[in-house]
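Give me coordinates for this.
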Amino acid sequence: MAFQLIDDVLDLIATDEQLGKPAGHDLVEGVYTLPVLRALDMPEGEELRTLLGRPVEGAEWERARAVVRSSEGIDEAVAEARAYTARAAECLTPLGHRPAAEALSAAADHLLGSVEVVLLDS
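Numbers count the residues shown, from 1 in each chain. Sure, this is the predicted structure:
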């Protein structure tokens, strides 16, 4: 879940170069992820509603991404991802400092770090 949430956030905030693939693809495809759904429930949601619900390209696509990025939807999705990784870390506690447990924990930290790097660059 955390991976998917971070992937959804990165699709909205990262550049093509940062992702290594086209950014914003979910919006083009009409896939409304958690950050978008949360943004729809915020004051920005009114404008976002006028942009979505049909194929989104060009300036409308850029505006839709900008509206979501300016909303709290991104922060809320990242917070959800952090909550999932925290719960996963708790599940690893009984395993102690075994290499596999430490690797899983490090993977979660790396995942969260990837979105923080992009947020700092924005």
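
Every contact and neighbour count from this point should use C-alpha atoms.
OK.

any idea how far residue 10 lies from residue 46?
Between residue 10 and residue 46 the computed distance is 23 Å (C-alpha to C-alpha, to the nearest Å).

cool, residue 85 as well?
Distance, residue 85 to residue 46, using C-alpha to C-alpha: 32 Å.

Compare neighbour counts for those two and give me the winner.
Between residue 85 and residue 46, counted using other C-alpha atoms under 10 Å, residue 85 has the larger neighbour count: 22 against 12.

Local confidence estimate at the more buried one?
pLDDT for residue 85: 91.

Ok, residue 17 next?
89.

which residues sit in contact with it?
With C-alpha atoms under 8 Å, 6 or more residues apart in numbering as the criterion, no residue contacts residue 17.

got it, and residue 119?
By C-alpha under 8 Å, 6+ apart, the neighbours of residue 119 are residue 13.

before we move on, what about residue 35?
8, 9, 68, 73, 74, 76, 77.

Please work out how many residues are found near residue 47.
Using other C-alpha under 10 Å, residue 47 is surrounded by 13 other residues.

In this structure, where is pLDDT below threshold?
120-122 (pLDDT under 70).

can you dump the C-alpha coordinates of the longest helix anywhere in it into PDB?
Across the chain, the longest stretch assigned as helix under DSSP state H is helix 99-121. Extracted in PDB, the C-alpha atoms of helix 99-121 (Å, rounded to 0.1, in the frame of the first residue of the first chain):
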ATOM      1  CA  PRO A  99      19.100  -9.100   8.000                       C
ATOM      2  CA  ALA A 100      15.800  -9.600   6.300                       C
ATOM      3  CA  ALA A 101      13.900  -7.500   8.800                       C
ATOM      4  CA  GLU A 102      16.500  -4.700   8.500                       C
ATOM      5  CA  ALA A 103      16.400  -4.900   4.700                       C
ATOM      6  CA  LEU A 104      12.600  -4.600   4.700                       C
ATOM      7  CA  SER A 105      12.800  -1.600   7.100                       C
ATOM      8  CA  ALA A 106      15.400   0.100   5.000                       C
ATOM      9  CA  ALA A 107      13.300  -0.400   1.900                       C
ATOM     10  CA  ALA A 108      10.400   1.400   3.500                       C
ATOM     11  CA  ASP A 109      12.700   4.200   4.600                       C
ATOM     12  CA  HIS A 110      14.100   4.500   1.000                       C
ATOM     13  CA  LEU A 111      10.500   4.500  -0.400                       C
ATOM     14  CA  LEU A 112       9.500   7.400   1.800                       C
ATOM     15  CA  GLY A 113      12.800   9.200   1.100                       C
ATOM     16  CA  SER A 114      12.100   9.100  -2.600                       C
ATOM     17  CA  VAL A 115       9.100  11.300  -2.300                       C
ATOM     18  CA  GLU A 116      10.800  13.600   0.100                       C
ATOM     19  CA  VAL A 117      13.700  14.200  -2.400                       C
ATOM     20  CA  VAL A 118      11.200  15.100  -5.100                       C
ATOM     21  CA  LEU A 119       9.200  17.400  -2.700                       C
ATOM     22  CA  LEU A 120      12.500  19.200  -1.800                       C
ATOM     23  CA  ASP A 121      13.400  19.700  -5.500                       C
END
